[in-house]
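S.K.: I would like the atomic coordinates for the input below:
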Amino acid sequence: MHFTLRQIEVFAAVARQESVSRAAESLSLSQSATSTSLAELERQSGCQLFDRAGKRLCLNALGQQLLPQAVALLDQARAIEDLLNGKSGFGSLAVGATLTIGNYLATLLIGSFMQRHPECRVKLHVHNTAHIVHQIAQHELDLGLIEGDCQHPDLEVQPWIEDELVVFCAPQHPLAGRSEVGLDELTSEAWILREQGSGTRMTFEQAVRHRPGKLNVRLELEHTEAIKRAVESGLGIGCISRLALRDAFRRGSLVPVATPELDLRRQFYFIWHSHKYQTAAMLEFVEQCRALTSGVRRSDEIQLPPIA
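M.R.: The predicted model follows:
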């Protein structure tokens, strides 16, 4: 075996950053040492791993094959290092969560996880579904918690718990208090929706795909709390997870709109790269997530501390 772990670490960093200088910065190495390490790996193997376009380095076909195995090897090496240093093997964990999960579940889960494993360094990245899927595929995150479907061929997808969206409005809105509202009426309303690429928007678009006309989308916002404030202000009606609306419904600041024609059910999922080495921290965190939702039918039934 002629390569070193340092060379593999440099290779993985350059693959992520697509730049020797940025990779050097991320590894706290000099640019010269980073460039030399990569060149030595290619020289020793007799293989070119990147296509060079100016200052940008892009993985070629062989490099793309190597990257998942390189990342898995580095993960295993870190686990071995932690054990040899007397640690539990819960060295670090990078979790990506979509906004609904990130805002209402992930922080609670991570807080509980870190209380049990204070030696573990946990990072939480909150973005929409499309962004989390991309980060997992690029080996930038260990584990993703997403809402909505994921069809990426390189990712492992496992169901977690059912979730349901709900159409909602301000208490003074004309739709408030109605026994039910049909799709024809909903089409003519002004909507405040999540942005394209979010799991929430994908589920909503699927549910209203048989609408008679074009939706009147007044605002597209990236944050559920901003959507709730806009709807409270009377700017339109919205559609987000019941989990995000539980406390607002309890207070009466927002009210649900009954829409029996719409199927707004969806699933929360765990995702990780299919070539990813599953560390002890990953397995323990997933197990903790499943324990939280054991015996619970839907996300808004999870016992959480109320928000004042």
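
S.K.: Excluding chain neighbours, what is closest to residue 6?
M.R.: Spatially, and ignoring its direct neighbours in sequence, residue 6 is nearest to residue 37 (6.0 Å; Cβ to Cβ, 6 or more residues apart in numbering). All C-beta atoms are positioned from the backbone trio N, CA, C, and that covers glycine.

S.K.: what's near enough to touch that neighbour?
M.R.: Counting by Cβ atoms under 8 Å, 6 or more residues apart in numbering, residue 37 touches 6, 7, 10, 29.

S.K.: Among the residues you listed, which pair sits farthest apart?
M.R.: Farthest pair in the contacts of residue 37 (Cβ to Cβ) is 7 and 29. Separation: 11.8 Å.

S.K.: residue contacts, residue 245?
M.R.: With Cβ under 8 Å, 6+ apart, residue 245 has these contacts: 166, 168, 228, 254, 256, 300.

S.K.: now these in JSON lines, with distance to residue 53?
M.R.: Shown next, in JSON lines, are the contacts of residue 245 (distance: Cβ to Cβ, whole Å):
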{"residue": "166", "distance to residue 53": "48"}
{"residue": "168", "distance to residue 53": "49"}
{"residue": "228", "distance to residue 53": "45"}
{"residue": "254", "distance to residue 53": "50"}
{"residue": "256", "distance to residue 53": "52"}
{"residue": "300", "distance to residue 53": "49"}
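
S.K.: which one of these sits closest to residue 125?
M.R.: Nearest member of these to residue 125, counting by Cβ to Cβ, is residue 228, at 22.7 Å.

S.K.: Can you give me every residue that contacts the closest one?
M.R.: Residue 228 is in contact with 238, 240, 244, 245, 248, 254, counting by Cβ under 8 Å, 6+ apart.

S.K.: so which strand or helix has it?
M.R.: helix 224-232 (DSSP states H and E).

S.K.: average model confidence for that helix?
M.R.: Taken as a whole, helix 224-232 has a mean pLDDT of 96.

S.K.: and residue 59, how many neighbours does it have?
M.R.: Residue 59: 18 surrounding residues under other Cβ atoms under 10 Å.

S.K.: So the closest residue in space to it that isn't next to it in sequence, which state does it fall into?
M.R.: Using Cβ to Cβ, 6+ apart and skipping the chain neighbours, the partner closest in space to residue 59 is residue 15 (5.4 Å). Counting by DSSP: H, G, I helix; E, B strand; the rest coil, the backbone at residue 15 sits in helix.

S.K.: Got the confidence number for residue 15?
M.R.: Per-residue confidence (pLDDT) for residue 15: 88.

S.K.: so it touches residue 68, yeah?
M.R.: No. If you go by Cβ atoms under 8 Å, residue 15 and residue 68 don't touch, sitting 10.3 Å apart.

S.K.: Please, which helix or strand holds the nearest residue to residue 268 once chain neighbours are set aside?
M.R.: Nearest residue to residue 268 in three dimensions, chain neighbours excluded: residue 160, at 4.3 Å (Cβ to Cβ, 6+ apart). Applying DSSP H and E as the criterion places residue 160 in strand 155-169.

S.K.: Nothing else from me, thank you.
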